[in-house]
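Peer 1: Sequence and computational prediction follow.
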Amino acid sequence: MAILVGPLEELFCGRPYPIELIDIEIANANNVKSIVMSSVYKLLGEDFVSCRLQVFITDSASYCLEAGEYLRERKIPELIHITCIAHRLHRVADMVQQKVSSNERTYFQCEEDVFEFWKNRF
């Protein structure tokens, strides 16, 4: 897991720089949130002003979503959690695949076919 930081102010906006690089043996929400907070504490101190941490960017793994929700609800209310759109679309595709039985799976020629297929399903 890589923890990157960087300023968001207009004059100083630039590339982020790494502050932590950790090999996570078990990827879960508890490990993610503890690594994020310990990295922030190392950089900004234990008494940092929470509004200084504004954006949390992760993939859309369920443990990252849970960690982001925890950080926003309990530690940093102003935090904006941004997830990778490719991972988010993959999760949507998995959900759609679960809704469609294997007998109904089909390939669509165009967008209109997709809308027609799903029109009366929900």
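Peer 2: It's in.
Peer 1: going forward, measure contacts and count neighbours with C-alpha atoms only.
Peer 2: Noted.
Peer 1: Show me the shaky parts of the chain.
Peer 2: 8, 10-13, 101-115, 117, 120-122 (pLDDT under 70).
Peer 1: change it to 80
Peer 2: Low-confidence segments of the chain (pLDDT under 80): 7-17, 51-52, 97, 99-122.
Peer 1: Please, where are all the helices along it?
Peer 2: Assigned by DSSP state H, the helices in the chain fall at 29-44, 62-70, 85-99, 111-118.
Peer 1: Pretty sure residue 39 sits against residue 3.
Peer 2: Yes. Using Cα atoms under 8 Å, residue 39 is in contact with residue 3, at 7.4 Å.
Peer 1: Now the common contact residues for those two.
Peer 2: The contact sets of residue 39 and residue 3 overlap at 19, 20 (Cα atoms under 8 Å, 6 or more residues apart in numbering).
Peer 1: that older thread, need the helices of the chain in a markdown table with distance to residue 16 and mean neighbour count, can you?
Peer 2: As requested, those are exported to a markdown table (distance: least, Cα to Cα, whole Å; neighbours: other Cα atoms under 10 Å):
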| stretch | distance to residue 16 | mean neighbour count |
| --- | --- | --- |
| helix 29-44 | 14 | 16 |
| helix 62-70 | 19 | 19 |
| helix 85-99 | 20 | 12 |
| helix 111-118 | 39 | 11 |
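Peer 1: Now those in CSV, please, with extra columns for distance to residue 53.
Peer 2: Below are the helices of the chain laid out as CSV (distance: least, Cα to Cα, whole Å):
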stretch, distance to residue 53
helix 29-44, 8
helix 62-70, 12
helix 85-99, 22
helix 111-118, 40
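Peer 1: Could you point out which of these sits nearest residue 79?
Peer 2: Nearest to residue 79, of all the helices of the chain, is helix 62-70, at 8.5 Å by Cα to Cα.
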